[in-house]
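Trainee: From the sequence below, what's the structure:
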Amino acid sequence: MKWNRFTIKTKTEAEDVIISALADVGVEGVEIQDKQPLTETDKEQMFVDIMPEGPADDGIAYLNFYLEEDTEVEPVLARVRAVLEEVRGYMDIGEGTITESQTEDKDWINNWKEYFHQFYVDDILIVPSWEEVKEEDKDKMILHIDPGTAFGTGMHETTQLVIRQLKKFVTKDTQMLDVGTGSGILGIVALKLGAAHVVGTDLDPCAIPAVADNKEANDIKDETFDMLIGNIIDDKEVQDTVGYEKYDIVTANILADVLVPLTPVIVDQMKKGAYYITSGILDVKEEVVVQAVRDAGLRLVEVTHQGEWVSVTARKE
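Mentor: Below you'll find the predicted structure:
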């Protein structure tokens, strides 16, 4: 099915007002394209592998709305033009032009799968849920991972750095806490390596079904991997539920800017002798995280690198 796409060129400071006014005349589901940088609050809410540098903000916003191919376009465009002129009367909306193009209705949720195929992290084979394990690989340690709408396939360098550290430190008695769990890949790796129990936390509710599906795909007993939604940095209820001085390993594959406030808090969740394995750190932020670890009273154990990414491992003495 094809759609008519209409793009309004405006200014970033006008986008919210225009979208609200469009909704009033029946034009909803507007898509925003701009170059506004993430706020500090946005960054704090993103427990992710990657934080790419965006282009410089030029103050321009493009607002896209879509109409089905057989929709009578002119009446809708007349309402949109009237909205733009009304808003222009009390604020600067820039060009306020409308351009038209066509786009096909695609299955965006699934199309990306053609780029994700099974691969090795050292001797661990990671297989997406839609691929079969080859006969010659069936004796390997295999993880079946479907990221769903949560982050984490294992392809990214930061995740691989943590997996390699887990292979060094997981034992059969390991109690592990994973902050920013996403798809659950790190917790599942730990359990496959023999860990006794994993607790995961994430800000995104999508992590709950993603972890549940991946546990089932890997024959992980439900009671060995618990999930919580909330911000462990500043949510006392989450901290209390997770528990104190309970964990032999804490993993945090998130952003350096989140690791800095997380580290002094997470020390309270760690047993004496526990390992704190961090990643998601660009090499230019290495010293920032190393200093945060030391300031929290942890002993630096190892810094490992892959590409431009860094993992910092420390120990609670």
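
Trainee: CA only for contacts and neighbour counts going forward, please
Mentor: Noted.

Trainee: do you know how far residue 130 is from residue 136?
Mentor: Separation of residue 130 from residue 136 (Cα to Cα, to the nearest Å): 18 Å.

Trainee: Give me the more crowded residue out of those two.
Mentor: Neighbours of residue 130 and residue 136, each counted by other Cα atoms under 10 Å, are more numerous for residue 130; the result is 13 against 7.

Trainee: Would you agree that one falls within a helix?
Mentor: No - Residue 130 is assigned coil when assessed by DSSP: H, G, I helix; E, B strand; the rest coil, not a helix.

Trainee: Tell me the first helix or strand C-terminal of the longest helix anywhere in the chain.
Mentor: Longest helix in the chain, counting residues (DSSP state H): helix 73-88. The first helix or strand that comes after helix 73-88 along the chain, using DSSP states H and E, is strand 97-104.

Trainee: Report all helices and strands that that next one contacts.
Mentor: strand 2-11 (3 or more Cα pairs under 8 Å, 6 or more residues apart in numbering; DSSP states H and E).

Trainee: List the neighbouring strands of the strand it packs on plus their orientation.
Mentor: strand 60-68 (antiparallel), strand 97-104 (antiparallel) (DSSP bridges).

Trainee: picking up where we left off before, which other helices and strands does the longest helix of the chain contact?
Mentor: Using 3+ Cα pairs under 8 Å, 6+ apart: helix 73-88 touches helix 15-24.

Trainee: any idea which helix or strand comes after the helix it packs on?
Mentor: Note on helix 15-24: by DSSP H and E, the next helix or strand toward the C-terminus is strand 31-34.

Trainee: other SSEs contacting that following strand?
Mentor: strand 60-68.

Trainee: buried sites along the strand it packs on?
Mentor: 60-67 (16 or more other Cα atoms under 10 Å).

Trainee: List the neighbours of it that are in contact with it.
Mentor: Strand 60-68 has contacts (Cα atoms under 8 Å, 6 or more residues apart in numbering) with 2-12, 15, 27-35, 73.

Trainee: what's the answer for stretch 2-21, then?
Mentor: Contacts to stretch 2-21, defined as Cα under 8 Å, 6+ apart, come from residues 28, 30, 32, 34, 36, 59-69, 83-84, 87, 91-105.

Trainee: contacting residues around residue 215?
Mentor: Contacts of residue 215 by Cα under 8 Å, 6+ apart are 188, 221-222.

Trainee: Would you write out the ChimeraX command that picks the buried residues out of the residues you listed?
Mentor: Selection of buried members from the contacts of residue 215 for ChimeraX, criterion 16+ other Cα under 10 Å:
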select :188
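
Trainee: Could you dump the contacts of residue 215 into CSV and include distance to residue 279?
Mentor: Listed next are these as CSV, based on distance: Cα to Cα, whole Å:
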residue, distance to residue 279
188, 17
221, 27
222, 26
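
Trainee: Let me know the closest of the contacts of residue 215 to residue 301.
Mentor: residue 188 (23.7 Å; Cα to Cα).

Trainee: Buried subset of the contacts of strand 60-68, written for ChimeraX?
Mentor: Selection of buried members from the contacts of strand 60-68 for ChimeraX, criterion 16+ other Cα under 10 Å:
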select :3,4,5,6,7,8,9,10,11,12,15,27,30,32,34,35
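
Trainee: Can you get me a residue count around the residue lying closest to residue 238 once chain neighbours are set aside?
Mentor: Leaving out its chain neighbours, the residue that sits closest to residue 238 by Cα to Cα, 6 or more residues apart in numbering is residue 232, at 5.6 Å. Neighbour count of residue 232, defined by other Cα under 10 Å: 22.

Trainee: ok, residue 232 touching residue 243?
Mentor: No - contact criterion Cα atoms under 8 Å: residue 232 and residue 243 do not qualify, at 10.8 Å.

Trainee: show me what contacts residue 27?
Mentor: residue 65.

Trainee: Report pLDDT for it.
Mentor: Note on residue 27: pLDDT of 89.

Trainee: now do residue 104
Mentor: For residue 104, pLDDT reads 67.

Trainee: Same question for residue 172.
Mentor: The predicted local confidence for residue 172 is 96.

Trainee: C-terminal to the helix or strand residue 176 falls within, which secondary structure element comes first?
Mentor: Assigned by DSSP H and E, residue 176 falls within strand 175-179. Where DSSP H and E defines the elements, the next helix or strand beyond strand 175-179 is helix 185-192.
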